[in-house]
Structures are given as C-alpha cells and as structure tokens.
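Chemist: based on what follows, work out the 3D shape:
(chains A and B)
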Amino acid sequence: MNNPRGETLLWLAQRASAAVLAICVVVHLGTMIHAVRGGLTAAEILGRVRGQAGWEMFYWVFVVAVAIHAPLGLRTIARELSGWRGPTLEAATALAAFLLALFGSRAVTGLVG
Amino acid sequence: MAEAMLDVRVWRGAGDGAFRTYAVPRRANQTVLDVVSWIQRHLDPTLSYRFACRVGMCGSCAMSVNGVPRWTCRTHIAKVAAEGALTVAPLRNLPVIKDLAVDMAPFFAKWARARGQFDPRSGLGSEFARVPPASPERAAADAGIECIGCAVCYSACDVVAWMPEYLGPAALNRAWTLINDTRDGGRKPRLAAVAGDAGCHACHGQEGCRKHCPKSLDPSGAIAGLKRMSALAALKGEI
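Modeler: Got it, this is the predicted structure:
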C-alpha cells in the first residue's frame, strides 16, 4: 500500500466534487428541460446566457468538478479491473483531467462568449 | 414411506476440481455442517473441510452454500434447501486447498497489514484501564468486537474479488475496533496502514459484508468510520 495521505485526499476530492456535481447536474438538467419545454430555441437560450456572469460562474464550477471527479473515478475503475498502477496510471489520470478541463472550458466560453 | 433425501452437490478437488453429487438422508434440525459431516463419515472419508466448535464461536466452518457465504454449523437445511437441493462450495476469494477447505493465510495476513494487533499506549500503568461502557469510543468498538474471523464477509466482498490486494471488510473492521480502543496507542500508523490504495477508500459501500455477516456486525459502517477519520487525519497532516 502506498501514499495513504495522497489516496485519502484524492478520495476526499472525489467525494467533494460529487457533492458539487449533484447540485450542478440538477440545475443544468432542470434548466434545460424547463427551457426546451418553454419552446426556446438554442439561439434564444444562447442569447439569454451570453454575458451572464452567474451562468458563466456556474458552468466553470461544473467543469472544474467534472475534471476532478471523472478522472478519479476512471482511475479507480482502471485499478480494480486491470490492476493498473504506478506513474503511468497517474499520468493517464492527469491527462483525462486536462482533456476534460480543456473541452469543458471550450464549451463554457462557447456558451457565454 | 421412502426416506426423504437431500441432493447435495459438493466441490471436490482444488481450484480445478468439480462438483460431485451425494444423496444424504434428510433429518430434523439438520445443519449444512451436519450434511457435510454425514458425507464424510458415510460416503467419502476423503472429503476435506474444517470445523471446530459447532456452535458459531470459532469461525472455522464457513463455506459457500447455494452460492451464499455462510457459517455452516448454524445454517439449517430448512432455511437454505427447503426444496431438497443443496450446493456446497469453498469460500470465494481465497485459494482452495482441497474440497471445502480454503487457505486462510491471505485473509489473516491482511489483518496484520491493517495493523490488527493491539498496540498498548504508553502511560497505561499497572492498574486495569477503565473504559466507560457508555463512551462513544467503547460503543464504536463494541459494534465490531464480536468478529469471529470466519471470512464470510471477505468472501462476500466484490471489491476483494476485483482487487485481490484490497484489505477487505474483516481486517478493516478489526482496525476500526482498535482505533476506538482508548488503551491503544497505534492510531496514526494504523490509519496510515488502512488508508492506502488498497485500504478503506477502495470500498464501494455495497454492504455485502454487512448483509452476510453471521454475527450481524456492520463492517461497512466500520469502513465508513475509517474513511471519515482518515480524511480528517489527512487534512490535519497526521497521516
């Protein structure tokens, strides 16, 4: 067994990001369903959120939480199913986090301009 | 009237063995251990299995009964094989030595890795240590202290099956009872021992251990306690 402090902090980070995601996903899906049922088009939705600091902040928090939560979950699954461990696993986890943050930031900047 | 019989499939051999079927007379108040013993005494003396106390204290007779890990001395046929069909196999997640006997060495090696030995703190003195029965620590230790080391929880745990180096519910439950023992002085190294990459944080909380524990203990609750305590210790820089 290795690095108990690091493993514990990563576990804590995944739990904390899960708590944030629980709220973010509900707000995101709820707003989306509400907007679509109200008959708004994509262009109208973009028009409403563009330049809104509140929505921008919300989606930045969402993206950061995803970039923390998902790679740690994938890391756990990889370890359990394949026994993959060591520096290559940590590098792959960091790469997954980087890519999610990159694609997420592109989505946020695309949404709020 | 013809004697009622049980159709019993028993695992024979080691890991590459096979099931063999035996016909065993049905008796009143018969346990699974009674059935296995009857096969050995009347049909096949080469059948290997373990038992000692026969009263649910020693933890040596656990087997897989119709796919479920159980203590066989306290498992009645009426409960698990009312239709007359019974399958008895060695415990999952441990190497099979022969027939129904598994090698328990990896299981207890993990108790040692989790620092499952009492480590008296300094300054206890020569008097009896007083542990108030109503104290929260005593209550937490009490909740897990009756473990008989039968490995039923270990056999039930899917995380052990997926990740063989995972310490498992019994070793972690033992660590939790010691961490709550006010006479013990090994809290920090024990927390460090159970918080690594194959320790308490690997548990998914499926609670198979709690469901199958024959003593109705809650190892998953103990693991949750270890998660909370190690998280606090990590934030404080203690581990």
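
Chemist: name the residues of stretch B:218-232 that are buried.
Modeler: Going by neighbour count (16 or more other C-beta atoms under 10 Å in any protein chain shown), the buried part of stretch B:218-232 is B:218-227, B:229-231. Using the backbone N, CA and C atoms, a C-beta is placed for each residue, glycine as well.

Chemist: correction: stretch B:107-124
Modeler: Of the residues in stretch B:107-124, B:107, B:110, B:111, B:113, B:114, B:115, B:116 count as buried by neighbour count, 16+ other C-beta under 10 Å.

Chemist: tell me which two of these sit farthest apart.
Modeler: Checked with C-beta to C-beta, these reach their widest spread between B:107 and B:115, with 15.6 Å between them.

Chemist: for the closest residue to residue B:146 other than its chain neighbours, which three-state class applies?
Modeler: In space, and not counting its chain neighbours, residue B:146 is closest to residue B:215: 5.1 Å by C-beta to C-beta, 6 or more residues apart in numbering or on different chains. The three-state label given to residue B:215 by DSSP: H, G, I helix; E, B strand; the rest coil is coil.

Chemist: what of residue B:9?
Modeler: Recorded secondary structure, residue B:9: strand (three-state DSSP).

Chemist: since we're on residue A:109, how many residues are nearby?
Modeler: Using other C-beta atoms under 10 Å in any protein chain shown, residue A:109 has 12 other residues around it.

Chemist: does it belong to a helix, a strand or coil?
Modeler: Taking three-state DSSP, the label given to residue A:109 is helix.

Chemist: give me the pLDDT value at the residue of chain B found nearest chain A.
Modeler: At 2.8 Å from chain A, residue B:196 is the closest residue in chain B, using C-beta to the nearest C-beta. Note on residue B:196: pLDDT of 90.

Chemist: and it, that's in a helix?
Modeler: No. Using three-state DSSP, the assignment for residue B:196 is coil, not a helix.

Chemist: those residues of chain B touching chain A, which are they?
Modeler: B:113, B:159, B:162-163, B:165, B:191-199, B:201-202, B:227, B:230-231, B:233-235, B:237, B:239 (C-beta under 8 Å from any C-beta of the partner chain).

Chemist: how about 7 Å then?
Modeler: Contact residues (C-beta under 7 Å from any C-beta of the partner chain) of chain B with chain A: B:162-163, B:192, B:195-199, B:201, B:230-231, B:234, B:239.

Chemist: for residue B:94, phi and psi?
Modeler: Main-chain dihedrals, residue B:94, degrees, to the nearest 10: phi -130, psi 150.

Chemist: ok, it touching residue B:108?
Modeler: No. Using C-beta atoms under 7 Å, residue B:94 makes no contact with residue B:108, being 10.6 Å away.

Chemist: and residue 62, what does it touch?
Modeler: Chain wasn't specified; assuming chain A. A:24, A:28 (C-beta atoms under 7 Å, 6 or more residues apart in numbering or on different chains).

Chemist: try chain B instead
Modeler: For residue B:62, the contacting residues are B:69, B:70, B:71, B:72, B:91, B:150, B:151, B:152, by C-beta under 7 Å, 6+ apart.

Chemist: now, the residues you listed that are in strands?
Modeler: Judged by DSSP state E, the subset of these located in strands is B:69, B:70, B:71.

Chemist: tell me the pLDDT of the residue most central in space within chain B.
Modeler: By C-alpha atoms, centre = their mean, chain B has its centre lying nearest to residue B:151, at 2.4 Å. Note on residue B:151: pLDDT of 98.

Chemist: just residue A:39 next, same as before
Modeler: What the model reports for residue A:39 is a pLDDT of 87.

Chemist: element containing it?
Modeler: In the assignment (DSSP states H and E), residue A:39 maps to no helix and no strand.

Chemist: separation between it and chain B?
Modeler: 42 Å (C-beta to the nearest C-beta, to the nearest Å).

Chemist: what ranges do the helices span in the chain?
Modeler: Using chain A here. For chain A, the helices defined by DSSP state H occupy A:4-37, A:42-49, A:53-82, A:87-112.

Chemist: that was the other one, I meant chain B.
Modeler: For chain B, the helices defined by DSSP H occupy B:32-38, B:77-80, B:105-113, B:136-142, B:152-156, B:158-162, B:169-179, B:187-194, B:208-212, B:219-236.

Chemist: nearest to residue A:66, of those?
Modeler: Comparing the helices of chain B by C-beta to C-beta, helix B:219-236 comes nearest, at 21.7 Å.

Chemist: what's the domain layout of chain B?
Modeler: Annotated domains of chain B cover B:5-102, B:105-236 [automatic domain parsing].
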